[in-house]
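A.B. asks: Sequence and predicted structure are below.
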Amino acid sequence: MEMTFRWFGKELDTIPVKYIAQIPGVKGVVTTICNKKPGALWTREEIKALKADVSEAGLKISGIESVNVHDDIKAGTGERDLYIENYIRTLEALGEEDIHMVCYNFMPVFDWTRTDLARQLPDGSTAMAYEDEVVRSTDPEKMFDSIKNSANGTIMPGWEPERVTEIRKLFDLYENISGEDLFNNLVYFVTAVMPVCNKYDIKMAIHPDDPAHSVFGLPRILTDKKRILRLMEAVDDVHNGVTLCTGALGSDRSNDIPDIIRSLKGRIHFAHIRNIKYGDGRDFREASHLSQDGSFDMYEIVKTLIDTGFDGVVRPDHGRMIWGEKSIPGYGLYDRALGATYINGLWEAVTKGKRQ
Ligand code: DNO
């Protein structure tokens, strides 16, 4: 496995990339061109510049998180074929630049959703949390405001304030789109990008829906084992793969993560490893990575990845805000670095244990 760290680039991230190079075992970053709008073309020059920023710190780009998919592709409307063509050309440019893993999502309108970006924990740290009742009683525009106001002055990727002006239009776009339509549009998109992925050996790694159920009445299609396997079978190509996000999938407590890992053997190209702690009903809050702090058995998750031969890119995922740090919520340096170190420890223990 390749241990990495998410970095939002020198303009957006509060963390200098050279600090990331000091975390034990981290050899690469997953990153993106942050101000790129979904659907826009990435040029080789821009990718080269991003690579130069990363390699200056002695790191490599282990994958892109994300090349975002335009809502016309998701909804199957308007300029979808034009945006797919741009996506293909972007993949071609990434392939030419020797980048071989791309994470993306197919969630309508919003990327991930949380209702609280800084819930106070007893030890004085803060963590992101989700409360179903808040989503049910808030409208999406208000949600944008509250996210903007509690983002430590940073811009939350996926929740860029200017998007609020498009929200109404986007909700109209999806008004008559069913989950089945969304799934068919996803298959159409994945089928279209497979030839370029095969040519350059680019592994597409779709991120599951976070949380793993509908929010604001929007359709969701990647929430459990059955639905993910349906996508794997619909386009049965190793380049059509998955980001195994434990926190996103685990937000539905009926999802058995080790079982999902086993069923996706060979198709997991990227792992987001983090822990959450369940509250009532669908509510949860994020936790440190350690098993005993949350609801997941992190040892079992790492062991299952290793047992099934997973050899892809790994990163610690959302961390708490600790030691007075102020950064993009979920993406501080300290708690994620602790997470990377913990996952590395589990990895070493399981690997050596297997040899005996
Ligand atoms: C949240 C992340 C997501 C993820 C995208 C992939 O913190 O896991 O924003 O990067 O859904 O496109």
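C.D. replies: Here it is on my side, so go on.

A.B. asks: next one: phi and psi at residue 8?
C.D. replies: phi -90, psi 10 (degrees, to the nearest 10).

A.B. asks: how many neighbours does the closest residue to residue 190 other than its chain neighbours have?
C.D. replies: Nearest non-adjacent residue to residue 190, counting by C-beta to C-beta, 6 or more residues apart in numbering: residue 235, 4.7 Å away. In short, each C-beta sits where N, CA and C put it, glycine included. Using other C-beta atoms under 10 Å, residue 235 is surrounded by 18 other residues.

A.B. asks: Over to residue 51?
C.D. replies: Residue 51: 17 surrounding residues under other C-beta under 10 Å.

A.B. asks: how close does it get to residue 222?
C.D. replies: According to C-beta to C-beta, to the nearest Å, residue 51 and residue 222 sit 30 Å apart.

A.B. asks: Also residue 136?
C.D. replies: To residue 222, residue 136 is 22 Å away according to C-beta to C-beta.

A.B. asks: who has more neighbours, those two?
C.D. replies: It is residue 222, of residue 136 and residue 222, that has more neighbours when counted by other C-beta under 10 Å, with 25 against 10.

A.B. asks: Touching, that one and residue 209? I think so.
C.D. replies: Yes: Residue 222 is in contact with residue 209 according to C-beta atoms under 8 Å; the separation is 5.0 Å.

A.B. asks: Next, the buried residues of the host helix or strand of residue 338.
C.D. replies: Using DSSP states H and E, residue 338 falls within helix 334-355. Residues of helix 334-355 classed as buried by neighbour count (16 or more other C-beta atoms under 10 Å): 334-344, 346-347, 350.

A.B. asks: Around residue 158, how many other residues sit close by?
C.D. replies: By the measure other C-beta under 10 Å, the count of residues near residue 158 is 16.

A.B. asks: Contacts only, for the residue in the stretch 201-350 of the chain positioned nearest to the ligand.
C.D. replies: The stretch 201-350 of the chain approaches the ligand most closely through residue 207 (3.8 Å), counting by C-beta to the nearest ligand atom. For residue 207, the contact set (C-beta atoms under 8 Å, 6 or more residues apart in numbering) comprises 66, 103-105, 222, 243, 245, 248, 272.

A.B. asks: by contact count, what packs against the lowest-mean-pLDDT helix or strand in the chain?
C.D. replies: Taking mean pLDDT, DSSP states H and E as the measure, the chain has helix 140-149 as its least confident helix or strand, at a mean of 85. With contacts defined as 3 or more C-beta pairs under 8 Å, 6 or more residues apart in numbering; DSSP states H and E, helix 140-149 has these neighbours: helix 167-173.

A.B. asks: what is the mean pLDDT for the helix it packs on?
C.D. replies: What helix 167-173 shows for mean pLDDT is 90.

A.B. asks: And the ligand, is the following helix or strand past that helix touching that?
C.D. replies: Where DSSP H and E defines the elements, the next helix or strand beyond helix 167-173 is helix 179-200. No: contact of helix 179-200 with the ligand (C-beta under 6 Å from any ligand atom) is absent, the minimum separation being 13.0 Å.

A.B. asks: before we move on, back to that, mind listing which of the contacts of residue 207 are in strands?
C.D. replies: Of these, the ones assigned to strands by DSSP state E are 103-105, 243, 245, 272.

A.B. asks: can you put the residues you listed in JSON lines and add neighbour count and pLDDT?
C.D. replies: As requested, the ones in strands among the contacts of residue 207 are exported to JSON lines (neighbours: other C-beta atoms under 10 Å; pLDDT from 0 to 100):
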{"residue": "103", "neighbour count": "26", "pLDDT": "98"}
{"residue": "104", "neighbour count": "20", "pLDDT": "98"}
{"residue": "105", "neighbour count": "24", "pLDDT": "98"}
{"residue": "243", "neighbour count": "28", "pLDDT": "98"}
{"residue": "245", "neighbour count": "26", "pLDDT": "98"}
{"residue": "272", "neighbour count": "25", "pLDDT": "98"}
